[in-house]
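Asks: Please work out how this folds:
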Amino acid sequence: MVDESGAAIEPFNVDGTTYFPVRAISEALGKTVEWDSETNTVYIDKSQAQKNNGLHVLKPEMVKNADLEKAIMATLKMDDKDAKETQYYYNHIDLNGDGNEEVFVQLTGPYTSGSGGDTGLLFQQEDHTFKFLQKFTLIRNPIIVSTEQTNGWNNLILQVSGGGVASHYVQLKHDGTQYPNPSDAVEMDANAKIEGTSIINLDHIAYENREGLHLK
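Replies: As a prediction, this is how the structure comes out:
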């Protein structure tokens, strides 16, 4: 096998470990290769995989928002000590098609997380203020905002696992007032097609290393 320049593509050995030139082999097979410098990750045909899954992927926004932080602390009645041990991830997204974006927040830390997941908060942004809409418990990222709607709100799809519960996906359907908690939502068929936008989409390493934004 040769690459585009005609050079031979061959594996090589370093200290007993065999390495393959991933980019050259992948591109020779017609695949695209992407490098994520933030996570030191190589993706092969990432965009095509996302297209096939019917999902648009959004990483969490990484700009601290002082007004949002105040709203989070006020909603959870957090003092500075608790806030210093809490990190948050968030994304803006319009969930009800009114042209005004909601803000979905995931919080991690000793006061907001357990074996079954983390605390989630949903706000509606109005200029520089954040109106609290509801709280979720035991959520895991990513949160998938489905293209399907109930009572004018996009359905949310989340994974439920931990605490002795076998991993499965549930669909949260808005009742006109709020969404149910993941523990009360309807389990999805394992073969169901999922289309929509995946928010707070973190790779495993970034999440485990708690690379979120600090409340304080």
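
Asks: Not counting residues beside it along the chain, what's closest to Leu122?
Replies: Nearest non-adjacent residue to Leu122, counting by Cβ to Cβ, 6 or more residues apart in numbering: Leu133, 4.4 Å away. For the C-beta atoms, the positions are set from N, CA and C on the backbone; glycine is no exception.

Asks: Doesn't that neighbour lie inside a strand?
Replies: Yes: using DSSP: H, G, I helix; E, B strand; the rest coil, the secondary structure at Leu133 is a strand.

Asks: okay, it: pLDDT?
Replies: pLDDT recorded at Leu133 is 98.

Asks: so what's Gly212 up against?
Replies: Applying Cβ atoms under 8 Å, 6 or more residues apart in numbering, we find Gly212 in contact with 60, 87-89, 108.

Asks: hmm, back to that, you'd agree the residue nearest to Leu122 is up against Gly120?
Replies: No: when contacts are counted by Cβ atoms under 8 Å, Leu133 is not listed as touching Gly120 (11.0 Å).

Asks: quick one, which of the two is more surrounded?
Replies: Between Leu133 and Gly120, counted using other Cβ atoms under 10 Å, Gly120 has the larger neighbour count: 26 against 16.

Asks: Quick check: which ranges of this structure have low pLDDT?
Replies: 1-7, 9, 12-20, 22, 24-32, 34-53, 163, 203-210 (pLDDT under 70).

Asks: Cool, thanks, talk later.
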